[in-house]
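Undergrad: Sequence plus predicted model, see below.
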Amino acid sequence: MSAPFQTDASRPSALPSANIGARSYDQAPAETSEEYLDQVEEEWNKKVDAEVDTLVDGMVDLVAVASVSDKDKYQIALESFQAQCRTESMVRAASSLMSITQSLKLLLLLSDEAQIVRQHNEELRTATGEAEKHKQDVTVLLDELLLRSTSDNPMESKDTS
């Protein structure tokens, strides 16, 4: 007898009856939106770091394998195989980085632009407010410094007047 026909099409199946209605919607989420986004960002960073580490390790191994010395045919074949395996893993890592880049571009394009603009404007207002506060602080300190220097040398201030 031959093997059953296999396909990649989904096959609907019945849901387990024990789980029907068991989900509760009135519970508060375990994490806030910011925590969730931080977690997702950390996952993306880990993926990128892993692929970059693979590229760096591959390059280090290729340089280590590429030694110049008298070698027999077995040593040459072994080094050739090692270099080929390492370059294949580097190509996979580079391809994965390209895929990650494409996914991040799509996330940026499909993200909520209004939220990004609001966040940017809020950060701009905060930075502008802090800059104004620091300007006022510097002005007060500069005035104190100038008053102190003129009070220390009253003769010089009278001579220049």
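TA: Yep, it's here. Everything numeric in this text was worked out from a predicted model, so none of it was measured.
Undergrad: Next one, pLDDT for the residue nearest to the spatial centre of the chain please.
TA: In the chain, the centroid-proximal residue (CA atoms, centre = their mean) is N45; its distance is 4.3 Å. In this model, N45 is scored at 93, pLDDT.
Undergrad: Phi and psi next, for it.
TA: phi -60, psi -40 (degrees, to the nearest 10).
Undergrad: which secondary element of this structure has the worst mean pLDDT?
TA: helix 154-160 (a mean of 55; mean pLDDT, DSSP states H and E).
Undergrad: Okay, L62 and L55: tell me how far apart.
TA: 11 Å (CB to CB, to the nearest Å). No exception for glycine: its C-beta is placed from N, CA and C like everyone else's.
Undergrad: hmm, I was thinking of D61
TA: 11 Å.
Undergrad: Give me the below-cutoff pLDDT ranges for this protein.
TA: Scanning the chain for pLDDT under 70 picks out 1-30, 154-161.
Undergrad: Would you map the helices across it?
TA: For the chain, the helices defined by DSSP state H occupy 33-65, 73-110, 113-152, 154-160.
Undergrad: Output the contacting helices and strands for the second one.
TA: Taking 3 or more CB pairs under 8 Å, 6 or more residues apart in numbering; DSSP states H and E as contact, the helices and strands that helix 73-110 lies on are helix 33-65.
Undergrad: Centre of the chain to the helix it packs on, how far?
TA: Taking CA atoms, centre = their mean, to the nearest Å, one finds helix 33-65 lying 9 Å from the centre of the chain it belongs to.
Undergrad: Flag every buried residue along that helix.
TA: The neighbour-count check on helix 33-65 (16 or more other CB atoms under 10 Å) flags 51, 54-55, 58, 61 as buried.
Undergrad: quick check: angle from that helix to helix 73-110?
TA: 160 degrees (axes from the mean of the first three to the mean of the last three CA atoms, to 10 degrees).
Undergrad: if we can go back for a sec, from the buried residues of helix 33-65, pick the one nearest L108.
TA: The closest of those to L108 turns out to be E51 (CB to CB; 19.2 Å).
Undergrad: I'd say the closest one and S96 touch.
TA: Yes. E51 is within contact range of S96, at 5.0 Å (criterion: CB atoms under 8 Å).
Undergrad: Relative to A127, which of the buried residues of helix 33-65 is nearest.
TA: So of the buried residues of helix 33-65, ranked by how close each gets to A127 (CB to CB), first place is E51, at 33.9 Å.
Undergrad: Contacts only, for the closest one.
TA: 93-94, 96-97, 100 (CB atoms under 8 Å, 6 or more residues apart in numbering).
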